[in-house]
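Engineer: just a sequence and a predicted model for now, questions to come.
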Amino acid sequence: MNYTAIFRDIISITHHDYAGWEEKQGWDNPEAFLNEINSYELSQKMTVEIFKKIVDEYLLDFKEPHMFFTFNESDMIKNKDVGFQVRRFEDALYVTEIGQEKRIYKGAKIISIDGESISSLSEIKSKKLREVHPERENWNKILLESKSCNFIDENGMFQTMEIISFNSEKKSSCYTIKALNDQTLLLTLTDLENPDAISDLIESYHNELDTCTNLIVDVRKNAGGSTSAFNPILPYIFPKGFKSGEIEVEEMEFNCTDRNTELIIQEYYDVLQLIEDKETIKMMESFKTQFEKNRGKGFIVFDFSEFIEETKSNLKGRDLPKKIFVLSDVYCGSAGDAFVQMCKSSSKATIIGRATMGLNDYSNLVTKTWNDQFSLHYPTSRLKKKTKIDAIHGKGVIPDIYIPWTPAHIKEDIELKKAMGLIHSSV
């Protein structure tokens with residue numbers, strides 16, 4: 001495998017096809033990484049794991065959470081994790097979820113990694129953490145590259161654990177509606193990947209949605225997907241008589257390079273094999289057509305007026321539910337960002353929790369794959385105005401009621417409790 005050739009392709013993408021290339025010229029230093037790859041190849045010590053690590057380091061220079069490099073899963077190569085999830089509070093990391101690693105427990109307090117304190121590591125590894133607020137930091141990669149951690153167990157005892165890696169387990173989508181009481185429904189969406197399934201869920205519960213007084217929507221761990229997937233939910237989010245023309249729709253510029261056009265065409269045909277939702281297919285057809293029409297012209301504002309007007313005309317709003325509470329967090333991104341932003345336009349919606357991930361300055365990802373083994377996922381569009389004057393990156397969509405994350409969240413659903421408290425206080 002010619003790793004140097006693949007990396008030169010990646011440089012070509014980040015300097016030409018990536019939607020943020022103009023704003024971020026000069027941010028990267030590709031020659032240093034090329035030299036490192038050449039050195040490994042000349043010594044015949046290059047492995048796929050080393051190559052991925054080098055590419056990951058290179059991409060950090062762009063500060064782009066919507067651009068990432070992955071292994072394509074195979075029996076020989078698997079994406080890895082440490083088998084548990086953590087979140088920072090003050091000078092410690094707290095275990096928030098347990099996966100395959102059973103030697104540590106939910107709620108454990110990690111006080112150091114490889115002998116370094118968490119506060120010291122946060123400064124040393126600030127580039128990889130990407131965020132300036134502790135509760136937004138992502139420590140997964142740092143843990144994966146580390147050898148051991150020290151934590152305090154449930155008995156207050158100091159423990160040392162060797163960090164080992166596991167083959168990552170793909171999380172399945174969760175779309176559910178359940179009654180919390182006779183007036184309140186809880187809608188949970190862990191992503192927006194399957195428009196058909198979400199539409200079917202809303203349709204199957206339409207009687208309950210039409211008659212409930214309160215709707216709580218949990219998108220705290222929404223990994224994104226297609227914005228068209230949340231359209232069936234919008235009539236419940238907005239009040240009756242709402243003027244849809246008041247919703248501001250940001251213009252997007254699409255980078256219509258030859259490579260992006262080819263990838264969009266391929267993804268259009270891939271989507272046709274997987275999705276039946278007519279609106280999603282129609283939108284993809286428009287993407288494909290406009291890319292083909294503007295191929296090689298660079299950044300072009302696409303015309304989505306047909307879809308915007310159609311969405312607005314169907315957005316009538318309803319009396320019920322009377323109140324909407326949207327639970328948000330930093331793990332909600334991409335189309336999840338867009339959903340929370342849309343909800344902020346409704347007078348009957350209240351956003352509770354923490355700011356979303358904030359990915360949509362640059363969006364509409366495509367995927368370039370090499371040898372059926374590596375894939376680079378990167379954005380092809382940018383917001384025409386806000387990318388330059390009011391970026392969402394690093395901030396996310398700000399909630400109406402901010403609730404700082406603390407270790408108490410591990411044992412109690414504080415955002416849900418807050419929403420229920422607001423419901424009871426208004427009765």
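Structural biologist: Happy to help now that I have it.
Engineer: quick check: domain ranges of the chain?
Structural biologist: What the record gives for the chain is the domain set 3-71, 80-167, 175-425, from automatic domain parsing.
Engineer: just say which of those domains is most tucked in.
Structural biologist: Compared across those, domain 175-425 shows the largest average neighbour count, a mean of 18 (mean count of other C-beta atoms under 10 Å). C-beta coordinates here come from the backbone N, C-alpha and C atoms, glycine included.
Engineer: so, low pLDDT: which residues of the stretch 101-250 of the chain?
Structural biologist: For the stretch 101-250 of the chain, applying pLDDT under 70 flags the ranges 244-249.
Engineer: which parts of it are helices?
Structural biologist: Along the stretch 101-250 of the chain, counting by DSSP state H, counting those that start in this stretch, helices occupy 118-124, 126-129, 140-144, 195-204, 206-211, 234-237.
Engineer: tell me how far the second one lies from the chain's centre.
Structural biologist: Just to be clear, that refers to helix 126-129. 17 Å (C-alpha atoms, centre = their mean, to the nearest Å).
Engineer: what does it contact?
Structural biologist: Contacts to helix 126-129, defined as C-beta atoms under 8 Å, 6 or more residues apart in numbering, come from residues 60, 122, 137-139, 141-142.
Engineer: check contacts around K297.
Structural biologist: Applying C-beta under 8 Å, 6+ apart, we find K297 in contact with C256.
Engineer: and it, what pLDDT?
Structural biologist: Predicted confidence (pLDDT) for K297: 95.
Engineer: how far away is it from F307?
Structural biologist: Applying C-beta to C-beta, to the nearest Å, the value for K297 to F307 is 22 Å.
Engineer: T280 too?
Structural biologist: 11 Å.
Engineer: contacting residues for T227?
Structural biologist: Residues near T227 by C-beta under 8 Å, 6+ apart: 192, 335, 338-339.
Engineer: give me the next element, helix or strand, following the helix or strand harbouring I37.
Structural biologist: Assigning secondary structure by DSSP states H and E places I37 in helix 30-42. Counting by DSSP H and E, the next helix or strand C-terminal to helix 30-42 is helix 48-60.
Engineer: export that next one to CSV, keeping only CA atoms.
Structural biologist: This file holds the C-alpha atoms of helix 48-60, laid out as CSV (Å, rounded to 0.1, in the frame of the first residue of the first chain):
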residue,chain,number,x,y,z
VAL,A,48,-2.2,0.8,9.2
GLU,A,49,-2.5,1.8,12.9
ILE,A,50,0.6,4.1,12.7
PHE,A,51,-0.7,5.7,9.5
LYS,A,52,-4.2,6.4,11.0
LYS,A,53,-2.5,8.0,14.0
ILE,A,54,-0.4,10.3,11.8
VAL,A,55,-3.5,11.3,9.7
ASP,A,56,-5.5,11.9,12.9
GLU,A,57,-2.7,14.2,14.2
TYR,A,58,-2.6,16.1,10.9
LEU,A,59,-6.3,16.7,10.9
LEU,A,60,-6.2,18.2,14.3
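Engineer: okay, how far is it across stretch 301-318, tip to tip?
Structural biologist: 33 Å (C-alpha to C-alpha, to the nearest Å).
Engineer: can you check the pLDDT for the most centrally placed residue in the chain?
Structural biologist: Nearest to the mean C-alpha position of the chain, by C-alpha atoms, centre = their mean, lies G333 at 3.4 Å. With respect to pLDDT, G333 scores 92.
Engineer: and if you look at N314?
Structural biologist: In this model, N314 carries a pLDDT of 65.
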